[in-house]
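In: How does the following fold in three dimensions:
(one chain, ligands or ions: 2)
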Amino acid sequence: MTENLFYIGYVTHLITMHWADVIAKEVADTCDHPLIATGISPTGIIHVGSLREAITGESVRSAVEGLGKDVKLIYLVDSFDPLRKCYDFLPKEYEKYVGMPISRIPCPCGKHKNYAQHFVQPFLDAVDSLGVKCEIIWTHELYDKGEFAEAIDLTFKKRQQVIDILHDVSGKEANPNYAPYNPVCEKCGRFTNPVFESYKYPYVEYDCSCGHHGKADITKGDGKLTWRCEWPAKWAIFGTSAEPFGKDHAAAGGSYDTGKRISREIYGVEPPIPIPYEFVQLKGVGQMHKSLGCSVTGLDAINMTPPEVLNYLFLRVNPNKAIDYDSGLGMLDMADEYDRMERAFFSAEFTEAEENSVRAYEISQHNHVPVKQPHQIPYRHLVNVVQMADTFEGVMGVLERTEDFSTVSADDLKRLERRVNCVRFWLNGFAPDSVKFCVCQTAPPGLELGITGKVFFKDLVNRMNDCVWDASTINSIISDTGKESPLGSKGAFKAIYSVLIGKTAGPRLGPFLASMDKSFVINRFIQVSQ
Ligand SMILES: [Zn+2]
Ligand SMILES: [Zn+2]
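Out: Ligands and ions are numbered 1, 2, ... in the order given. This is a model prediction of the structure:
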C-alpha cells in the first residue's frame, strides 16, 4: 500500500498538470460541496459522445474527491423532452406520439416504464460498469415534484428580460412571442403554447392546436421550460459547480452563453464552470446498425472496449480535442497503449512526453488504483485465444498452456473475463476479417500441398516431437525447417496456416501454436504429410 502511495505522489507532481486536475483544483477552490452535473437526452440512439460526457464528469468528480472534497456527480436524464420525429428505427405507429414528452410514450419493447427508459436504461447500466459513481435523476420526476416551479414562476414574471437576453447574446431578432414554458395539453398529450397574460401562480392557460383550451399547473408535471431556460434552471435547483457539455452548446451566442446570463439575472445563481468537449469521430467499419444511421452506438463502445481502456481513452486528451474512436484495428492499439501506461505507472519509468498519459491512467482508476500491477495478457494475443475457445473457462484453458496464473488475484481474473467478453463482442460485429480465424477441427478438404509441402511437414514433425512446447522454440523450428525447404520461410508459414485455419495468414505462429495442444498440432502435421 505504501509503495502504491509513493507512486501516486510521484505522478501527481507533474510539471504540466493534467486537464482533469486543473479543473478539479478550480472546482475545489471555489465550491464547498461541489456538484458536477452531466446529462443525456434519451430521445433515440445514444452516441459515443454521451460516453465522453459521462466519463469526463466522473473524471473531474474523482479528481475533486482526490483533493479531499465531498463531491457529488449527478446524471440528468432529459426524460421530459418531446419526441421530435418518428425516427427510422421506430415503428410507424410512433408517428402519433411526435410532440409528446418521452416519459409518457410507451416503450417500443414493452419491458420498460416508458420510451425514455427504454433507450437510456441499457446505457445507464453500462455506464455503471465503467465505475461512474453518479446519482441518476429523471427530469420528468423533477417536474412532477414541482422542483422547477420557482424557476418557471421567475421565467414568467421576467419573460421580457429573458427575451432581451436571448436577443442580446444570440444576436437574433427579439421574439415577442417567445414561450419559455410549454404546457402539455391534457387532451392530446402534446406540448403547446401558453397564453402569457393568463399566468397567475401556479396556473397558466393554453389554447392547443387540437382545439382544447386548458389550464396547466406549473407546480406539477403539466409543462416544461424550453431548453435555454431549463438548463440554467437546473443549475439553480442543484447548485451545479461544473458541467461538461458538447461544444455545440459552447458556441458564441449558444445555450451556455445565454444560460450564464439567465442564471445570474433571472434565477440569481452563478453558472457552473464550463467543460466543453469536442465530438468523438467514429472510425472503422461497424456492420451492426446501418438502419440507425450510426455505425457505433455508445452501448456498442462500452460492450467492445474494456472499461478501463474506455476511461483512459477519454482522459488522455483534453476535452477540447476531438477523439477518434476506432472500432477497427485501432481498438487493439488503444488497449496496448493502456497496458503500456499501466506498466509505466507501476514501474515509475516513463518519459516526460508520457507523463500526461500516465496520469490519465491513474485518474481513469477513479481513486481505486490497484495495489500492484494487474496481470497483463497482450490484447492481440487475447484476440487470438478468444477465437480458440467458446467459453471463458475454455479461454483460460488455452491461456494456461503459456501463462503462469499462480499469482493472479480475483480482480485480475475479473478484468480478464471482462476483456474476453469485449473481444468477443468486437469480433462478432466490428473486427476486420484479417484478424478473424477459426481452427479447423480436421484438415481442410481439398488441400494441395504437393511433395515439397509433405516433406516439409515430415521434417517439422521430426523436430517438434521432442521439443519444448513454447513460443520461441516453436518459432525457431518453423523458421529453420522452412529455410532448409524449397518452400522458404514465407512458404512454410503459409503452409502451416493453410492446414490449421484454412487461410494463408493468421496469428503469430510461435504463440499461436504454443497455445494449442501439442498433440493436436503434431497429429495434424502428420496427417497432411501423408
Ligand atoms: Zn423497452
Ligand atoms: Zn391538444
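
In: domains of this structure?
Out: By the assignment in automatic domain parsing, the chain contains the domains 14-174+226-277, 374-431, 450-529.

In: Just name the most buried of those.
Out: Ranked by mean neighbour count under mean count of other C-beta atoms under 10 Å, the domains of the chain are led by domain 14-174+226-277, which reaches a mean of 19. (Each C-beta comes from the backbone N, C-alpha and C, glycine too.)

In: Show me the shaky parts of the stretch 1-150 of the chain.
Out: Along the stretch 1-150 of the chain, segments meeting pLDDT under 70 span 1-15.

In: For it, which segments count as helices?
Out: 2-12, 19-30, 48-66, 115-129, 139-144, 149-157 (DSSP state H, counting those that start in this stretch).

In: between these, which gets nearest to Gly450?
Out: helix 48-66 (50.1 Å; C-beta to C-beta).

In: tell me the angle that closest one makes with helix 115-129.
Out: 50 degrees (axes from the mean of the first three to the mean of the last three C-alpha atoms, to 10 degrees).

In: where does the residue in the stretch 1-150 of the chain that ligand 2 sits nearest to fall, phi/psi-wise?
Out: Going by C-beta to the ion, ligand 2 is nearest to Gly99 of the stretch 1-150 of the chain, at 9.1 Å. Dihedral pair for Gly99: phi 100, psi -10, per degrees, to the nearest 10.

In: what's near enough to touch it?
Out: 82-83, 190-191 (C-beta atoms under 8 Å, 6 or more residues apart in numbering).

In: Which one of those residues is nearest to Val204?
Out: Phe191 (13.1 Å).

In: Find the helix or strand that the closest residue to that closest one other than its chain neighbours is a member of.
Out: Nearest non-adjacent residue to Phe191, counting by C-beta to C-beta, 6 or more residues apart in numbering: Asn182, 4.3 Å away. Using DSSP states H and E, Asn182 sits within strand 181-183.

In: Give me every residue in this structure lying close to ligand 1.
Out: 107, 109, 111-112, 118 (C-beta under 5 Å from the ion).

In: Quick check: which ranges of the stretch 151-300 of the chain have low pLDDT?
Out: Checking the stretch 151-300 of the chain against pLDDT under 70 turns up 285-294.

In: quick one: what helix or strand has the residue of it found nearest ligand 1 in it?
Out: Of all residues in the stretch 151-300 of the chain, Leu299 sits closest to ligand 1, at 13.7 Å by C-beta to the ion. Following DSSP H and E, one finds Leu299 within helix 298-304.

In: which helices and strands sit right next to the helix or strand following that helix?
Out: Using DSSP H and E, the helix or strand that follows helix 298-304 towards the C-terminus is helix 307-315. Contact here means 3 or more C-beta pairs under 8 Å, 6 or more residues apart in numbering; DSSP states H and E; on that basis helix 307-315 packs against helix 48-66, strand 323-326, helix 330-347, helix 355-363.

In: What are the contacting residues of helix 307-315?
Out: Here helix 307-315 has contacts from 18, 20, 51-52, 55-56, 58-59, 129-131, 301-302, 305, 323, 325, 334-335, 337-338, 341, 360-361, 363-366, 415, 418, using C-beta under 8 Å, 6+ apart.

In: just to revisit the earlier point, and for the residue of the stretch 1-150 of the chain closest to ligand 2, nearest residue in space, chain neighbours not counted?
Out: Closest to Gly99 by C-beta to C-beta, 6+ apart is Arg190, at 3.8 Å.

In: What of Lys494?
Out: The shortest distance from Lys494 to any non-neighbouring residue, by C-beta to C-beta, 6+ apart, is to Thr504 (4.9 Å).

In: how about that neighbour, what does it touch?
Out: 494, 497-498.

In: do the same with Ile496
Out: Here Ile496 is in contact with 478, 509, 513 (criterion: C-beta under 8 Å, 6+ apart).

In: out of the residues you listed, who's near ligand 2?
Out: Near ligand 2, by the rule C-beta under 5 Å from the ion, you find none of the contacts of Ile496.

In: Give me the subset of those that lies in helices.
Out: 478, 509, 513 (DSSP state H).

In: Hmm, the second one is touching Ser476, no?
Out: This means Leu509. No - assessed by C-beta atoms under 8 Å, Leu509 is found out of contact with Ser476, at 11.0 Å.

In: anything in the helix or strand hosting Glu205 near ligand 2?
Out: Glu205 is located in strand 203-207, with elements delineated by DSSP H and E. No - Strand 203-207 lies apart from ligand 2 when judged by C-beta under 5 Å from the ion; the minimum separation is 8.5 Å.

In: Tell me the helices and strands packed up against that strand.
Out: So strand 203-207, by 3+ C-beta pairs under 8 Å, 6+ apart, packs with strand 181-183, strand 194-200, strand 213-217.

In: among those, which is nearest ligand 2?
Out: Closest of these to ligand 2 is strand 213-217, at 7.9 Å (criterion: C-beta to the ion).

In: list the helices and strands that closest one packs on?
Out: strand 203-207.

In: so the strand it packs on versus helix 149-157, what angle?
Out: Put simply, strand 203-207 runs at 60 degrees to helix 149-157, going by the same axes, to 10 degrees.

In: Contacts for strand 203-207, please.
Out: 156, 181, 183, 185, 192-196, 198, 213-218, 223.

In: List the strands paired with it, with their directions.
Out: strand 194-200 (antiparallel), strand 213-217 (antiparallel) (DSSP bridges).

In: Columns mean neighbour count and distance to ligand 2 on top of these, output as a markdown table?
Out: What follows is the strands paired with strand 203-207, written out as a markdown table (neighbours: other C-beta atoms under 10 Å; distance: least, C-beta to the ion, whole Å):
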| stretch | mean neighbour count | distance to ligand 2 |
| --- | --- | --- |
| strand 194-200 | 14 | 13 |
| strand 213-217 | 16 | 8 |
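
In: Out of these, which gets nearest to Leu142?
Out: Among these, if distance is taken as C-beta to C-beta, the winner is strand 213-217, at 14.8 Å.

In: centre of the chain versus the closest one, how much separation?
Out: With C-alpha atoms, centre = their mean, to the nearest Å as the basis, strand 213-217 stands 42 Å off its chain's centre.

In: which residues touch that strand?
Out: By C-beta under 8 Å, 6+ apart, the surrounding residues in contact with strand 213-217 are 183-187, 194, 202-208, 222-223.

In: quick one on the thing from earlier: could you work out the most separated pair of the residues of the chain next to ligand 1?
Out: Largest pairwise distance in those, by C-beta to C-beta, is 7.7 Å, between Lys111 and His118.
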